[in-house]
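S.K.: Predicted model and sequence follow; I will ask about them next.
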Amino acid sequence: MSEIAILKGLQKNFGKFQALSDVTFTVNPGEVVGFIGPNGAGKSTTIRILLGIIKRDAGEAKIFGKDVWRDSLEIHKRVSYVPGDVSLWGNLTGGEIIDLFLKLHGGGDKQKRDELIKRFELDPKKKAKGYSKGNRQKVGLIAALSVDSDFYIFDEPTSGLDPLMESVFQDEVEKIKQKGKAILLSSHILSEVERLADKVVIIRQGKIVETGTLDELRHLTRSTVTLTTKDDISQMASLIGVHDFIQKDNQATFSADNRYINDILKQATTLGIQKFEAVPPTLEDLFMRHYEG
Amino acid sequence: MQEKFARWYTLFLQHIKRDWKKIIIWILGVGLFSAGFVPVFEEIAKGQGLIGMFETLQNPAMVSIVGPTPIETASDYTIGAMYAHEMLLFCGLFAMIIAALHVVEHTRKEEDLGLTELIRSFQIGRQANSFATIIEVLLINTLLAFLIGGMLASFGTDTISVQGSFLFGISVAIAGLIGAAIALVMAQIMPNSAGAIGSTLGIIGLLYITRATTDISNITLSMYNPLGWLYLTYPFTKNNWLPIFLALGFSIIMVIIAFALEGRRDMGAGYLPEKEGRVSAKKSLLSVHGLFIKINKGVIISWLISFLILGAAYGSIYGDMQSFLESNALLQQMFTQSGFSIEASFTATIMMVMIGLVVILPIAIINKLFSVEHRLYLSQLHATKVTRGQLYWTNIGLAIVTGIVGILLAVGGLGGTALAVMGNQTTMSLTDFLVAGFNFFPVVLFFTALAALALGWAPKLGKFIYAYLGYSFILTYFSGILDLPNWFLKTAIQSWIPQMPVESFELMTFIVITALSIGMMVFGYFGYKNRDMLEGA
């Protein structure tokens, strides 16, 4: 099976404002793609284009090999979506709304629904206008997770959820992933993306600035190394690939370019290593680099 | 086609399920209001009633409000003719506004709220929701037509024929359809749901005023007015079905235009752009009154402009009125006998209408304070040194000031235009108009105070002030036409005030209602100061 979703050179303008200038990435079967970027970078706009809710101005966007605008209905048969801010009809109960969403999706597993309601600890008898933000979010999640889709689109799905519920959500996503479904997960909770995503796409000012597996991205950046040596450690500072060198007696902390790691370690061994610690960059480090850069 | 309307019926059933209570109230409310007054009219028609009513309604002032009749001589005027003449336009207008609000509520409002986004992520056509809403309105109005037709016919009154009854029902229903169609178009053009509602009501208001002028000056022109179609069917007299077909065609075309517009826009965006705001606050915003002026600004300005236009529109009728009077000997006699000029009598009647409208603005401002409280907008303010008293009295003050300016503009527009079109054929001066207008100032205070009382003690009842306003408006509206008992009339606050310039000023009434209103405001303040804030509850 080929790609689930393909986006190529996607562009979108709102009046004079260019929201997306070049969005290009793919989602493959069985892959969880983490879609991250600062507020206003164009994540939700991209997702809305994928859903055929708004129309792109240029570029190509396909899901299951079909055009997202022209064949949106065909696509929606096998797609589930949870927005970051689920709005509900105030005078219907959570249970009613979930059932409605299952019906609108066409299909859905009643047993799964009940199980999820229990797991997410949602009171389905309450009217939606009485729900807090987190509870509204649960309604959206339960509806999306109770149906059998091939592509799940989550736009900051856990906003407003407590950490317990967040981990319930992550469990469920793992299950979907194991079934070989594709997921596009936009989130600000980077630990969540780190845990779930196979591939990360970073968007900034309407443009994709980085794509790759977490390992690949890490490889491009630096690890944080803490080193204690017997001999004078200060000469490490001048090596190529060593940055932000901070020395305290014979202990030093610095960030090391992964490309030069071999040379750096060779030099270190000549000084007599007493202690060595290397921490790979967190997604947050990667992310901050793009935020600031 | 699939992409556009797929599974609209699922949404349609969902609408019905969600709205069934509203639909029942809607159909019964409009239906009973439209068809239930036959016994009352039979009562009026006794003795010389029909002839008297016919002459009264020949008055251009009345024609401008209730519409025309095709009957030319009093002896041909029947109960049926009178019923259609007095009821049809008003009922149709009622049906039209409700349908328009319903359409915006279900389409653009849900889009603004983010509901549409979720719905669209399912296998639902892009325009399925609009289509489902229109079908729902169509269904409701069809039922309405049958209910009204059946009920009217069931009274078995001689001159209320079965054909006429159903034509009457269909005319009311078709008005609902026109309102829905206009609203659906505006829901596409405007940047948000508030804009869609405002512009739709504005258009309906404009159509009403236009038909008031053309009904008096040249009735054939009213045939070009969508609002004209509903009463130009003349049920029980001419039974003219042509306007129904015109209206049907018009509605279909409007709906098609709306679909075309909707198909070409992004969800959440309109065709008119939203203005960009400023980076930092202007100095005028940085105070409690500055804040409330700012958040009410749009509403205040648009209402004030409508008051002025409305006043001017009614004012322009005065010219036609005089020429009309010259052509009708009987009417001339009537007015000479009463000792008042036709313009004075018209002013007295129309002033009630103007005041009824002006009062909406102060009520809206007071109710707004509760709606921002309810939506948590004030949470941060409550945590500052701003007192509840400041919030309360600022809004009361704002309401009263807009009430005064409202009267000034409405009456100024009326008087100014009236005097301009009448030239020097009248003895009335602008002061006479303004005095007649500000004579009703206690009514404005009274409604403001009612809203304030609700705000302080039972804020959820705030919206029912409009219901009371509507009630007293309808009551005063019918007081000129129906012979209602005095105690019943007095339940409308307006009827306590003498109708100047035909009646003379009563200082005592003026002072008593003013004092009563101020007392209610103070009492409301104690309620507001001490009650729990209802934030999001």
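M.R.: Yep, it's here. Numbering: from 1, shown residues only, chains lettered A, B, ... in the order given.
S.K.: Low-confidence ranges, the stretch 301-450 of chain B, go.
M.R.: Screening the stretch 301-450 of chain B residue by residue with the criterion pLDDT under 70, one finds the ranges B:323-338.
S.K.: cutoff 50 now
M.R.: Low-confidence regions of the stretch 301-450 of chain B, defined by pLDDT under 50, are absent; no residue qualifies.
S.K.: How about it: which residue is closest to chain A?
M.R.: B:His374 (11.4 Å; Cβ to the nearest Cβ). Just so you know, the C-beta spots here come from the backbone N, C-alpha and C atoms, and that holds for glycine as well.
S.K.: Next: the stretch 251-400 of chain B.
M.R.: Of the stretch 251-400 of chain B, the residue with the smallest distance to chain A, taken as Cβ to the nearest Cβ, is B:Asp266 at 4.0 Å.
S.K.: Near chain B, which residues of chain A? Just list them.
M.R.: Those residues of chain A that sit near chain B, judged by Cβ under 8 Å from any Cβ of the partner chain, are A:14-15, A:48, A:51-55, A:70-73, A:76-77, A:79-81, A:83, A:85-89, A:91-92, A:100-101, A:103-106, A:140, A:153.
S.K.: Filter the residues you listed down to just the ones in helices.
M.R.: Secondary-structure check on the residues of chain A next to chain B using DSSP state H: residues within helices are A:48, A:72-73, A:76, A:100-101, A:103-105, A:140.
S.K.: Just flag the most distant two among these.
M.R.: Greatest spacing in those, by Cβ to Cβ: A:Arg48 and A:Lys103 (23.0 Å).
S.K.: Give me the domain ranges for chain B.
M.R.: Listed domain ranges for chain B are B:7-272, B:287-333+B:340-532 (source: automatic domain parsing).
S.K.: all helices of the stretch 151-293 of chain A, in order?
M.R.: A:163-178, A:190-196, A:214-220, A:261-269, A:283-292 (DSSP state H, counting those that start in this stretch).
S.K.: Show me the helices in the stretch 201-350 of chain B, by range?
M.R.: Taking DSSP H, counting those that start in this stretch as the criterion, the stretch 201-350 of chain B carries its helices at B:219-222, B:228-231, B:242-263, B:288-327, B:329-338, B:342-358.
S.K.: Over to the stretch 1-150 of chain B?
M.R.: When assigned using DSSP H, counting those that start in this stretch, the helices of the stretch 1-150 of chain B occupy the ranges B:2-5, B:8-35, B:38-45, B:49-58, B:60-66, B:79-106, B:108-113, B:115-120, B:128-154.
S.K.: Single out the most deeply packed of those.
M.R.: For those, the largest average neighbour count (mean count of other Cβ atoms under 10 Å in any protein chain shown) is found in helix B:79-106, namely a mean of 25.
S.K.: picking that back up, wait, the residue of the stretch 251-400 of chain B closest to chain A sits on A:Arg56?
M.R.: No. Distance between B:Asp266 and A:Arg56: 10.1 Å, which falls outside the contact criterion (Cβ atoms under 8 Å).
S.K.: neighbour-wise, which of those two wins?
M.R.: Shown here are B:Asp266 and A:Arg56; by other Cβ atoms under 10 Å in any protein chain shown, A:Arg56 has more neighbours (24 against 14).
S.K.: Of the domains of chain B, give the one that comes closest to A:Asp263.
M.R.: Scanning those with Cβ to Cβ as the criterion, the closest one proves to be domain B:7-272, at 51.5 Å.
S.K.: end-to-end on the closest one?
M.R.: One end of domain B:7-272 to the other measures 30 Å (Cα to Cα, to the nearest Å).
S.K.: likewise stretch B:49-68?
M.R.: With Cα to Cα as the measure, the ends of stretch B:49-68 fall 18 Å from one another.
S.K.: What's the mean pLDDT across that stretch?
M.R.: For stretch B:49-68, mean pLDDT rounds to 80.
S.K.: next one: stretch B:464-482
M.R.: Computed over stretch B:464-482, the mean pLDDT rounds to 82.
S.K.: Only alpha carbons, please: show it as CSV.
M.R.: Provided in CSV are the C-alpha atoms of stretch B:464-482 (Å, rounded to 0.1, in the frame of the first residue of the first chain):
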residue,chain,number,x,y,z
PHE,B,464,-38.2,38.2,29.0
ILE,B,465,-38.2,42.0,29.1
TYR,B,466,-38.2,41.8,25.3
ALA,B,467,-41.3,39.6,25.6
TYR,B,468,-43.0,42.2,27.8
LEU,B,469,-41.9,44.9,25.3
GLY,B,470,-43.4,42.9,22.5
TYR,B,471,-46.5,42.3,24.4
SER,B,472,-47.1,45.9,25.2
PHE,B,473,-46.1,46.9,21.7
ILE,B,474,-48.7,44.6,20.2
LEU,B,475,-51.2,45.8,22.7
THR,B,476,-50.8,49.4,21.8
TYR,B,477,-50.7,48.4,18.2
PHE,B,478,-54.1,46.8,18.5
SER,B,479,-55.5,49.4,20.8
GLY,B,480,-56.2,51.7,17.8
ILE,B,481,-57.9,48.8,16.0
LEU,B,482,-59.6,46.6,18.6
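S.K.: Check what contacts it and list those residues.
M.R.: Residues outside stretch B:464-482 that contact it (Cβ atoms under 8 Å, 6 or more residues apart in numbering or on different chains) are B:40, B:44, B:53, B:56-57, B:62, B:65-66, B:86, B:90, B:349, B:352-353, B:356, B:359-360, B:363, B:367, B:447, B:450-451, B:454, B:484, B:488-489, B:491-495.
S.K.: B:Ala364 versus the spatially closest residue to B:His289 that is not a sequence neighbour, what's the distance?
M.R.: When the adjacent residues along the chain are set aside, B:His289 lies closest to B:Thr394, with 4.9 Å between them (Cβ to Cβ, 6 or more residues apart in numbering or on different chains). Counting by Cβ to Cβ, to the nearest Å, the gap from B:Thr394 to B:Ala364 is 15 Å.
S.K.: Equivalent analysis for B:Ile44, please.
M.R.: From B:Ile44 over to B:Ala364 the distance is 35 Å, taken as Cβ to Cβ.
S.K.: related to what we said a few turns ago, what sits against the residue nearest to B:His289?
M.R.: The contact partners of B:Thr394, by Cβ under 8 Å, 6+ apart, come to B:288-289, B:292.
S.K.: Out of the residues you listed, grab the one that's most surrounded.
M.R.: Comparing those by number of neighbours (other Cβ under 10 Å), B:Phe292 comes first, having 21 neighbours.
S.K.: which residue sits closest to the most far-flung residue of chain A relative to its centre, ignoring its sequence neighbours?
M.R.: Using Cα atoms, centre = their mean, the residue of chain A lying farthest from its centre is A:Asp231. It sits 44.3 Å away. Once its chain neighbours are removed from consideration, A:Asp231 has its nearest residue in A:Leu271; the separation is 4.4 Å (Cβ to Cβ, 6+ apart).
S.K.: No more questions from me, cheers.
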